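> Predicted model and sequence follow; I will ask about them next.
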Amino acid sequence: MRSENGKDYIIRNLNKDEVHLLKDFLYEAIFIPEGVEPPGRDIVEKPELRVYTDDFGSRAGDYCLVADFGGKVVGAVWTRIMDDYGHVDDSTPSFAISLYKEYRGRGMGTGLMVEMLELLKGQGFKRASLAVQKANYAVKMYKNVGFKIIDENEEEYIMVWEAP
């Protein structure tokens with residue numbers, strides 16, 4: 001149990017009947033620079049984004065933790081071995097993380113990341129990866145929890161965490 005502004009929140013496993021929430025959180029995870037019009041919610045149905053959610057829970061490396069704030073899921077971090085933007089190889093899980101806007105900047109994301117890295121380490125994974133827009137404020141948090149930049153393109157960093 002953790003505390004946020006006097007209210008308790010917990011980090012717990014995603015329940016099977018909550019898997020549909022991942023599409024919501026995937027949409028929330030899309031970094032939209034200041035002044036740019038957000039895409040329609042149907043963007044999560046594009047094949048390059050469906051790899052994050054289709055049949056979630058059915059493959060090796062499929063793990064999801066959520067931040068539950070007063071009975072409401074307000075954030076999620078999930079991993080999957082997939083050919084996504086942060087893909088480095090076929091045995092390294094890639095990360096996705098998102099919180100609803102009003103819950104960002106409060107430490108919940110860091111809590112979710114730390115818990116997920118511990119879970120992956122406990123499952124025998126030696127590393128994990130992610131891709132993040134260079135302008136995304138989360139880059140600092142990823143570095144703080146142990147991710148290092150291993151590659152980049154014009155818009156994104158590819159980051160990897162190595163188990164200690």
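Yep, it's here. Numbering: from 1, shown residues only.
> so what's residue 28 up against?
Contacts here follow Cβ atoms under 8 Å, 6 or more residues apart in numbering; on that basis residue 28 touches 98, 99, 100, 101. Yep, even glycine has a C-beta here, placed from its N, CA and C like the rest.
> Separate out the buried members of these.
98, 99, 100 (16 or more other Cβ atoms under 10 Å).
> nearest to residue 144, of those residues?
Nearest to residue 144 among the buried ones among the contacts of residue 28: residue 99, at 16.0 Å, using Cβ to Cβ.
> Could you find the closest non-adjacent residue to that closest one?
Once flanking residues are discounted, residue 99 sits nearest to residue 75: 3.5 Å by Cβ to Cβ, 6 or more residues apart in numbering.
> so what's the one you found bridging to?
residue 67, residue 99 (DSSP bridges).
> So it sits against residue 112, correct?
Yes - at 6.0 Å, residue 75 counts as touching residue 112 under the criterion of Cβ atoms under 8 Å.
> and for the two, which residues touch both?
66, 67, 97, 99.
> Beyond the helix or strand the third one falls within, next helix or strand please.
Going back to what we said before, that points to residue 97. According to DSSP states H and E, residue 97 maps onto strand 94-99. Using DSSP H and E, the helix or strand that directly follows strand 94-99 along the chain is helix 108-122.
> Report the distance from the following helix or strand past that following helix to the chain centre.
Past helix 108-122, further along toward the C-terminus, the next helix or strand under DSSP H and E is strand 127-133. Remark: strand 127-133 is offset 9 Å from the chain centroid, using Cα atoms, centre = their mean, to the nearest Å.
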